[in-house]
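> need a structure here:
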Amino acid sequence: MTEISPTKVRMGEITGDEARTLYPQNPVILLPMGSHEDQGPHAPMGDYFLAEKMAELIALRATAEGTRTVVAPVLPFGKGDFFGPMPGGIALSAATFRAVLDEMFGELLRHKLTKLIVINGHGGNVNVVNEATRSVMHRTGLVIPALYLWRIAYAEMPKLLGAEKAKAVSSHGADPLTSLGMHLFPERIRTDLIPEPRSGNPTALGLPFQGWGSLSFNGAEVTVPIEYDAVSPNGLGTGDPRLCSAESGKLIADRLTEIGAGFCHHYAKQ
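Numbers count the residues shown, from 1 in each chain. Okay, the predicted model is just below:
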């Protein structure tokens, strides 16, 4: 039997003989995915780097704590939503993204690798991931869970940073992604390009902006098919990226790693 180092968690780095030894054990497999879109003037467009790195950190901790976990190659292109106007951005249609997920799940399930967890780093992916995993459940009875990292982070940030700071810094183009980038990939963040917070509240159709693809009408949310450049041409939401820091990023990364590894332990027992 071929030995494999417990610190080797990336599936793309596992050799053929190592794979023949490891995969019959049905390890937990993390499937990281993100997007390639505008993340603000200062941040790299590929937020999938962060989803991939977080998956690696989760896998290393889960494995060290006794649950063998590996990480599939990252899916860098997410389902397109609001960021089509950004030059250089690459997104997939819902149909194409769904087809890719179906093929990924199918190839792994073919070999009885059933402990799959989606590690998602893009809001636009959520609905299609839900549809694809529900289809697997209907066909096979298998439940494939998904962890949407940034939704988890938003919920944890008030506890980690304090409620006031978390509210001031939370948004697209700010946290959690900018602080995570400062911590995990400081060389990729252009601190000299961090913008001032957005002044005022942009409007469309004579109504104030409430969120990507939504406006407020007398306090009621109205969804609209507008893209981000109509309300925020530099990709910045309502948060203040000047408040982001590597220290905040470490707190967020450590908490996401703890939650993710804990879930791997739980799921492996099901």
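
> contacts, neighbours, all on C-alpha from now
Noted.

> What are the contacting residues of stretch 104-115?
23-24, 26-29, 142, 144, 267-268 (CA atoms under 8 Å, 6 or more residues apart in numbering).

> Return the two entries of the residues you listed that lie farthest from one another.
Pro24 and Ile144 (18.7 Å; CA to CA).

> could the contacts of stretch 104-115 be laid out in JSON lines, adding secondary structure and distance to Ala253?
Below are those laid out as JSON lines (DSSP: H, G, I helix; E, B strand; the rest coil; distance: CA to CA, whole Å):
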{"residue": "Tyr23", "secondary structure": "helix", "distance to Ala253": "28"}
{"residue": "Pro24", "secondary structure": "helix", "distance to Ala253": "31"}
{"residue": "Asn26", "secondary structure": "coil", "distance to Ala253": "27"}
{"residue": "Pro27", "secondary structure": "coil", "distance to Ala253": "23"}
{"residue": "Val28", "secondary structure": "strand", "distance to Ala253": "20"}
{"residue": "Ile29", "secondary structure": "strand", "distance to Ala253": "20"}
{"residue": "Leu142", "secondary structure": "coil", "distance to Ala253": "29"}
{"residue": "Ile144", "secondary structure": "coil", "distance to Ala253": "23"}
{"residue": "Tyr267", "secondary structure": "helix", "distance to Ala253": "21"}
{"residue": "Ala268", "secondary structure": "helix", "distance to Ala253": "22"}
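
> Looking at these, which is nearest His122?
Ile144 (17.5 Å).

> just checking, the closest one touches Val129?
No: in this structure Ile144 lies outside contact range of Val129 using CA atoms under 8 Å: 9.6 Å.

> wait, what's in contact with the residue nearest to Lys165 when sequence neighbours are not counted?
Leaving aside its sequence neighbours, Lys165 sits nearest to Pro158 (CA to CA, 6 or more residues apart in numbering; 7.5 Å). When contacts are counted by CA under 8 Å, 6+ apart, Pro158 touches 164-167.

> Pull out the buried members of those.
Neighbour counting with 16 or more other CA atoms under 10 Å marks 165-167 as buried within the contacts of Pro158.

> So which of these belong to strands?
Using DSSP state E, no member of the buried ones among the contacts of Pro158 falls within strands.

> residues contacting Asp175?
169, 239, 241, 244.

> Just the mean pLDDT for the host helix or strand of Glu156, thanks.
In the assignment (DSSP states H and E), Glu156 maps to helix 149-161. If you average the pLDDT over helix 149-161, you get 98.

> Quick one: distance of that helix to the chain centre.
Distance of helix 149-161 from the chain centroid (CA atoms, centre = their mean, to the nearest Å) equals 13 Å.

> Hmm, Ile4 is touching Arg20, no?
No: counting by CA under 8 Å, Arg20 is not a contact partner of Ile4; they are 10.7 Å apart.

> what's the span of stretch 198-210, first residue to last?
Using CA to CA, to the nearest Å, one end of stretch 198-210 lies 13 Å from the other.

> contact partners of it?
Residues contacting stretch 198-210 (CA under 8 Å, 6+ apart): 215-217, 221, 230-232, 236-240.

> related to what we said a few turns ago, could you measure from the residue nearest to Lys165 over to Phe83?
28 Å.

> Do a quick rundown of the strands in the stretch 151-270 of the chain.
Counting by DSSP state E, counting those that start in this stretch, the segments of the stretch 151-270 of the chain that form strands are 203-204, 207-211, 214-217, 220-223.
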